[in-house]
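Engineer: Build the 3D model from these lines:
(one chain, ligands or ions: 1)
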Amino acid sequence: SKIKFIEANGTEHVVEAREGQSVMQSAMDNLVPGIVAECGGFANCATCHVYVDQAWSARLPPPEESETAMIDCAFHVQPNSRLSCQLKVTPALAGLVVRLPISQT
Ligand code: FES
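Structural biologist: Just a heads-up that it's a prediction; the model follows:
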């Protein structure tokens, strides 16, 4: 599945994501700048924070409590903020577009 990451400065990165991995992992594997993922994917750091494009928000499973709690600790939070380590790549998400915050701190 292809996922498009758009940096805060508008630079786009289209990556090939493997099903079953997280959106965060697909960014890391493809060296997309702007995802730090300090905790390695355990919803424990909020440095994998992304904004999910509106068209896609409703197609994602809602955040679990641990994700919601950690988003409260993220910077530059918006209503469509999610933790990319908690978003699993599925066929339904082919073409997903996420934007990156100006920074993760
Ligand atoms: Fe730490 Fe997602 S990688 S919360």
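Engineer: Quickly note the distance from the residue nearest to F75 when sequence neighbours are not counted to the ligand.
Structural biologist: Nearest residue to F75 in three dimensions, chain neighbours excluded: T105, at 6.0 Å (CB to CB, 6 or more residues apart in numbering). Bear in mind the C-beta positions are built from the backbone N, C-alpha and C, glycine included. Here the criterion is CB to the nearest ligand atom, to the nearest Å. By it, T105 lies 13 Å from the ligand.
Engineer: What's the local residue count around T105?
Structural biologist: Applying other CB atoms under 10 Å, we find 9 other residues in the vicinity of T105.
Engineer: correct me, but it touches H76?
Structural biologist: No - T105 lies out of contact with H76 (CB atoms under 8 Å); the separation is 9.6 Å.
Engineer: what sits against the residue nearest to V89 when sequence neighbours are not counted?
Structural biologist: Leaving out its chain neighbours, the residue that sits closest to V89 by CB to CB, 6+ apart is A17, at 4.5 Å. Counting by CB atoms under 8 Å, 6 or more residues apart in numbering, A17 touches 1-3, 23, 26, 89.
Engineer: Contact residues of this structure facing the ligand?
Structural biologist: 24, 37-39, 41-48, 70, 83, 85 (CB under 6 Å from any ligand atom).
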